[in-house]
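In: just coords:
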């Protein structure tokens with residue numbers, strides 16, 4: 001979502017590098033570009049202006065620190081102000097001391113409330129709580145059935161509307177069912193409309209008046225841009241909200257809604273939806289989002305994803321085999337599957353410093369999920385013995401594997417060649433036992449590994 005803004009800001013700061021001091025002219029030149037970049041990213045005009053003014057007040061005449069270039073000094077100032085603009089600190093769910101905690105999800109139709117309900121239930125369960133989902137949308141056809149299907153995927157208890165049942169009655173029945181089942185969190189999936197209307201607002205007011213609602217969470221589609229701000233402001237004024245979930249943050253919207261939300265409606269962004277997968281709901285950390293925007297990556301989120309999806313014992317065993325030079329195609333397949341469990345490759349690369357630049361340089365060679373699936377098909381077309389001992393794969397076997405995986409023999413040849421090179425390099429690094437010789441061997445191995453054409457591990461059209 002923030003790729004375009006990130007590219008623009010990176011170019012601005014790069015041009016400022018090499019100067020001995022940030023003068024007033026330097027700052028004003030850079031900030032004109034920053035303001036233009038923010039407006040192109042669909043940030044509210046008033047917010048963009050005040051944001052740039054705050055940076056200007058801090059940056060004019062600032063001495064460049066001994067260890068920083070002028071561009072880096074400005075990056076630090078912009079980063080600080082971005083974090084503040086996005087809310088400063090992350091906001092988690094506050095659970096009631098007298099269960100159940102009742103969370104009411106509100107928003108327009110199509111914003112993703114129902115799918116967000118199930119994703120939010122997964123987050124709540126990971127916090128050690130027992131959620132129940134309640135479908136309070138009695139208008140949209142099959143809304144209750146959709147919620148029931150989503151809840152069934154993760155074995156969450158669910159209450160859906162009966163024929164002719166009103167929203168308030170469904171919610172009361174759901175809260176009663178929570179007490180019966182021992183669930184300490186109730187998620188109310190309320191009805192939406194294509195546009196805000198008085199009937200919807202009155203229905204939400206009635207729910208708030210009749211039930212003990214602990215938190216009203218607004219679900220907004222980040223793809224709607226400035227319209228999301230108008231919707232958020234109206235809900236905040238008419239109903240009152242305690243937090244926001246921005247969905248479709250993995251889309252190609254320009255990001256202005258996320259950057260403008262906190263300053264517009266004065267409530268925190270709590271979560272952001274980053275895909276269709278059930279686990280694609282991430283806590284919103286202002287400092288991490290700011291880091292991504294400025295091209296510095298988000299290593300902490302990547303570590304958390306790895307901890308959630310990769311078993312530490314498996315990782316340790318894999319490292320031992322890698323360093324011992326006994327890394328097989330089975331191991332490579334296992335590693336690739338573990339990587340894919342962490343999410344799309346583009347999302348992972350965006351979390352490393354300069355990841356956006358890497359993807360930009362790769363261009364059409366950037367592998368997609370489909371490409372990775374083809375590599376997996378090649379390895380799966382091999383026998384167990386062939387995956388453990390790739391050296392036995394002769395011409396006949398290669399033709400059989402190519403036919404079984406639907407690729408050309410040349411792709412099998414390229415994959416095996418680069419796999420053997422990688423295996424040899426890993427073995428050289430694994431031989432390090434300290435001392436000058438070990439360091440020399442490691443450095444030599446790293447130079448050779450750097451020079452390898454690792455795109456051969458991918459299908460032919462990625463070369």
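Out: Looks like it arrived, so ask away. All figures in this text were calculated on a predicted structure; none of them were measured in a lab. Numbering: from 1, shown residues only.

In: which residue is nearest the centroid of this structure?
Out: Geometric centre of the chain, nearest residue: residue 274, 4.9 Å, by Cα atoms, centre = their mean.

In: Quick one: mean pLDDT for the longest helix along the chain?
Out: Using DSSP state H, we find that the single longest helix of the chain is helix 409-430. Here helix 409-430 scores 78 as its mean pLDDT.

In: State the number of residues packed around residue 369.
Out: When neighbours are defined as other Cβ atoms under 10 Å, residue 369 has 11 of them. All C-beta spots, glycine's among them, are computed from the backbone N, C-alpha and C.

In: That one contacts residue 340, correct?
Out: Yes: between residue 369 and residue 340 there is a contact at 7.3 Å, judged by Cβ atoms under 8 Å.

In: Nearest residue to the residue nearest to the centre of the chain in space, please, no chain neighbours.
Out: Nearest non-adjacent residue to residue 274, counting by Cβ to Cβ, 6 or more residues apart in numbering: residue 250, 4.5 Å away.

In: So what's the predicted local confidence for the one you found?
Out: With respect to pLDDT, residue 250 scores 75.

In: my read is it is in a strand, agree?
Out: No: according to DSSP: H, G, I helix; E, B strand; the rest coil, the state of residue 250 is coil, so it is not within a strand.

In: Quick one: neighbours of it, just the number.
Out: With other Cβ under 10 Å as criterion, residue 250 counts 19.

In: now it: how far from residue 115?
Out: Computed as Cβ to Cβ, to the nearest Å, the residue 250 to residue 115 distance reads 13 Å.

In: Common neighbours of the two, please.
Out: Residues touching both residue 250 and residue 115 by Cβ atoms under 8 Å, 6 or more residues apart in numbering: residue 273.

In: So which residues of the stretch 51-200 of the chain form strands?
Out: Taking DSSP state E, counting those that start in this stretch as the test, the strands found in the stretch 51-200 of the chain are 101-106, 131-136, 158-159, 185-190.

In: Of those strands, which is nearest residue 228?
Out: In terms of Cβ to Cβ, the element of these nearest to residue 228 is strand 101-106, at 13.5 Å.

In: what's the angle between the closest one and strand 131-136?
Out: Strand 101-106 runs at 40 degrees relative to strand 131-136, counting by axes from the mean of the first three to the mean of the last three Cα atoms, to 10 degrees.

In: Direction included, what does strand 101-106 pair against?
Out: Using DSSP bridges, the strands paired with strand 101-106 are strand 185-190 (parallel), strand 215-221 (parallel).

In: Kindly reformat those strands as JSON lines containing distance to residue 133.
Out: Shown next, in JSON lines, are the strands paired with strand 101-106 (distance: least, Cβ to Cβ, whole Å):
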{"stretch": "strand 185-190", "distance to residue 133": "5"}
{"stretch": "strand 215-221", "distance to residue 133": "14"}
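
In: measure stretch 275-294 end to end?
Out: The first and final residues of stretch 275-294 sit 22 Å from each other (Cα to Cα, to the nearest Å).

In: Mind listing what's buried along that stretch?
Out: By 16 or more other Cβ atoms under 10 Å, the buried positions in stretch 275-294 come out as 275, 279-294.

In: Narrow those to those in helices?
Out: Using DSSP H, the buried residues of stretch 275-294 in helices are 286, 287, 288, 289, 290, 291, 292, 293.

In: By pLDDT, rank those residues and give me the bottom one.
Out: When those are compared by pLDDT, residue 292 scores lowest at 74.

In: Correct me if wrong: that one contacts residue 10.
Out: No: with contacts defined as Cβ under 8 Å, residue 292 does not count as touching residue 10, sitting 11.7 Å away.

In: ok, residue 209 to residue 239 distance?
Out: From residue 209 over to residue 239 (counting by Cβ to Cβ), the distance is 11 Å.

In: Looking at the two now, which is surrounded by more residues?
Out: Legend: neighbour count by other Cβ under 10 Å for residue 209 and residue 239, higher for residue 239 (18 against 9).

In: Nearest residue to that one in space, please, no chain neighbours.
Out: Per Cβ to Cβ, 6+ apart, closest to residue 239 is residue 204, 5.1 Å.

In: thought that neighbour was touching residue 188?
Out: No: between residue 204 and residue 188 there is no contact under Cβ under 8 Å: 10.1 Å.

In: hey, what's in contact with both of those two?
Out: The contact sets of residue 204 and residue 188 overlap at residue 104 (Cβ under 8 Å, 6+ apart).

In: what about those two, which has more around it?
Out: Taking other Cβ under 10 Å, residue 204 and residue 188 do not tie; residue 188 has more neighbours (28 against 22).

In: May I have the residues that are in contact with the nearest residue to the more buried one once chain neighbours are set aside?
Out: The shortest distance from residue 188 to any non-neighbouring residue, by Cβ to Cβ, 6+ apart, is to residue 104 (4.5 Å). Shown in contact with residue 104 (Cβ under 8 Å, 6+ apart): 188, 190, 204, 207, 208, 213, 215, 216, 217.

In: Hmm, residue 340 is touching residue 370, no?
Out: No: the pair residue 340 / residue 370 is not scored as a contact, 11.6 Å apart, by Cβ under 8 Å.

In: what stretches of the stretch 151-300 of the chain score poorly on pLDDT?
Out: Filtered on pLDDT under 70, the stretch 151-300 of the chain yields the residue ranges 251-255, 295-300.

In: Show me where it has its helices.
Out: Ranges of helices within the stretch 151-300 of the chain are 167-181, 198-210, 226-238, 256-265, 286-293, 299-309, based on DSSP state H, counting those that start in this stretch.

In: so where's the stretch 301-450 of the chain uncertain?
Out: For the stretch 301-450 of the chain (pLDDT under 70), the answer is 301-326, 343-368, 426-450.

In: so the residue nearest to the centre of the chain touches residue 282, yeah?
Out: Yes: if you go by Cβ under 8 Å, residue 274 and residue 282 touch, sitting 5.7 Å apart.

In: Next, count neighbours for residue 44.
Out: By the other Cβ under 10 Å criterion, the neighbourhood of residue 44 contains 20 residues.

In: What values do phi and psi take at it?
Out: Dihedral angles phi and psi of residue 44 (degrees, to the nearest 10) take the values phi -50, psi 140.

In: so what's it up against?
Out: For residue 44, the contact set (Cβ under 8 Å, 6+ apart) comprises 226, 229, 256, 260, 263, 264.
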